[in-house]
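Asker: Provided below are the primary sequence and the corresponding predicted coordinates.
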Amino acid sequence: MSILTERRSIRKYDPTIKISKDEMIQILKLATRAPSSTNMQPWRFFIVESLAAKDKLKTVLYGNLTQLETSSAMICVFADLKKHLLAEKILNQAYEANLMDLETKTRRLNHMMNNVGSQPLDFIEKWGLVDGGLVSLQLMLAAKEFGYDTCPIGGFNRDKLAEALEIDSERYKPVMIISIGKRAEEGSRTLRLDPTDVATWL
Ligand SMILES: Cc1cc2nc3c(=O)[nH]c(=O)nc-3n(C[C@H](O)[C@H](O)[C@H](O)COP(=O)(O)O)c2cc1C
């Protein structure tokens with residue numbers, strides 16, 4: 001069976017298991033292979049693992065306390081409205097690895113800084129949410145590769161999350177929270193509609 005069919009939302013974890021920073025970085029490395037618009041990778045992860053940080057997060061959660069209290073971490077996935085600030089780094093990486101010539105790098109960087117940097121914020125946020133959704137699923141599947149389970153969480157006050165974590169709420173817009181840890185329950189089996197219920201051939 002593949003991790004695609006094995007993944008299910010797990011809400012209760014073994015609270016004694018902590019995921020080390022090194023391992024979390026490996027999980028994120030796999031997750032961030034996800035595609036993103038013009039490869040600008042606008043996702044940002046705030047990894048809430050200390051008790052103090054979890055207490056701050058608790059103030060904006062609607063329910064979802066079992067995940068908060070038993071998980072190794074609650075990964076808050078945000079879209080960065082200032083994604084263009086990392087454009088130069090991203091394009092330099094490609095240029096230095098001989099994946100892009102200098103002319104292309106310069107053209108794309110100018111485009112990012114001049115055009116994308118001045119796009120309406122709701123447009124940037126919309127694409128950030130699309131890219132953030134893709135990386136979130138890939139993160140949940142990457143976690144399974146490493147023997148962990150997850151639960152996507154939308155039950156929180158979207159307008160107050162950044163403030164609760166004391167990060168810039170104008171710059172970072174929440175995508176979702178993902179609890180992660182070693183499972184302590186089987187999780188509920190869920191069903192899906194048949195593809196013919198949700199697909200239309202034109
Ligand atoms: C965007 C999103 C928000 C969700 N929010 C919550 C949540 O706040 N609490 C929770 O327990 N599960 C939450 N879920 C999990 C869904 O209930 C779950 O994915 C769905 O029932 C299918 O079950 P499965 O993930 O086990 O396949 C959320 C899922 C998504 C994709």
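Answerer: Good, I have the coordinates.
Asker: which helix of this protein spans the most residues?
Answerer: Ranked by residue count, the top helix of the chain under DSSP state H comes out as helix 121-145.
Asker: What is that one packed up against?
Answerer: Other elements packing on helix 121-145 under the criterion 3 or more Cβ pairs under 8 Å, 6 or more residues apart in numbering; DSSP states H and E are helix 3-6, helix 21-31, strand 43-48, strand 73-80, strand 149-153, strand 172-181. (Each C-beta comes from the backbone N, C-alpha and C, glycine too.)
Asker: quick one: contacts of it?
Answerer: Helix 121-145 has contacts (Cβ atoms under 8 Å, 6 or more residues apart in numbering) with 3-4, 6-7, 27-28, 30-37, 40-43, 75, 77-81, 83, 116, 149-150, 152, 173, 175-176, 178, 180.
Asker: swap the cut-off to 7 Å and go again
Answerer: 3, 6-7, 27, 30-37, 42-43, 75, 77, 79-81, 149-150, 152, 173, 175-176, 178, 180 (Cβ atoms under 7 Å, 6 or more residues apart in numbering).
Asker: so which of the residues you listed are also by the ligand?
Answerer: P152, M176 (Cβ under 6 Å from any ligand atom).
Asker: Show the buried residues in the contacts of helix 121-145.
Answerer: Buried members of the contacts of helix 121-145, counted by 16 or more other Cβ atoms under 10 Å: 7, 27, 30-31, 34, 36, 42-43, 75, 77, 79-81, 149-150, 152, 173, 175-176, 178, 180.
Asker: shaky segments in the protein?
Answerer: For the chain, residues meeting the criterion pLDDT under 70 lie at 1.
Asker: Alongside the ligand, which residues does it contribute?
Answerer: Residues of the chain lying close to the ligand by Cβ under 6 Å from any ligand atom are R8, S9, R11, N64, C151, P152, I153, G154, G155, M176, G187, T190.
Asker: quick one: contacts for the third one?
Answerer: It stands for R11. So R11 contacts T66, Q67, C151 (Cβ under 7 Å, 6+ apart).
Asker: so which helix or strand takes in the first one?
Answerer: So the one you mean is T66. Using DSSP states H and E, T66 maps to helix 65-70.
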